[in-house]
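Trainee: Sharing a sequence plus its predicted fold:
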Amino acid sequence: QSVRSCEAGDPVAPGDGGNQEDPELPPDELALACDALCQAIDSCPTTRAESDCLEVCVTSYGSVENGSSVCRGALIDTLNCQAAMTCGEIENRVRGYDAFDSCREADDHAAEVCLQ
């Protein structure tokens, strides 16, 4: 998918191709959604995101991605949904409680389109 978003321009110097810290590269949507989720976890009074929350989130959700734009969109949608959950819902997720919450449908949709 990243190749499809590339535009013609100056050649990239060797070793500069995958640098996510380069301010000229557009931010990755999956990383932005993960960052929003990690910030939401930290914003609640009873939960704290692990120091590697962003890295774990991107790695975990990135490993589920099957390369289709539908799957990637569904993963980003479910992460954005989770970032907007109430603190009670976030706490249940962080603690591993299997409770129905406002993002269950988004989770199910992502699983359906990504795990085919």
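Mentor: Received, thanks.
Trainee: which residues does the residue found closest to residue 31 once you drop the neighbours it is linked to in the chain contact?
Mentor: Nearest non-adjacent residue to residue 31, counting by Cβ to Cβ, 6 or more residues apart in numbering: residue 58, 5.4 Å away. All C-beta spots, glycine's among them, are computed from the backbone N, C-alpha and C. Residue 58 makes contact with 28, 30, 31, 34, according to Cβ atoms under 8 Å, 6 or more residues apart in numbering.
Trainee: Next one: the last one from residue 75, what distance?
Mentor: If I follow you right, that is residue 34. Remark: distance between residue 34 and residue 75 (Cβ to Cβ, to the nearest Å) = 10 Å.
Trainee: The second one now?
Mentor: Using Cβ to Cβ, one gets 7 Å for the distance from residue 30 to residue 75.
Trainee: Neighbours of residue 28, how many?
Mentor: Neighbours of residue 28 under the rule other Cβ atoms under 10 Å: 16.
Trainee: low-scoring stretches of this structure, by residue?
Mentor: For the chain, the stretches flagged by pLDDT under 70 are 1-27.
Trainee: same thing but at 80, please
Mentor: Residues of the chain meeting the criterion pLDDT under 80: 1-27, 116.
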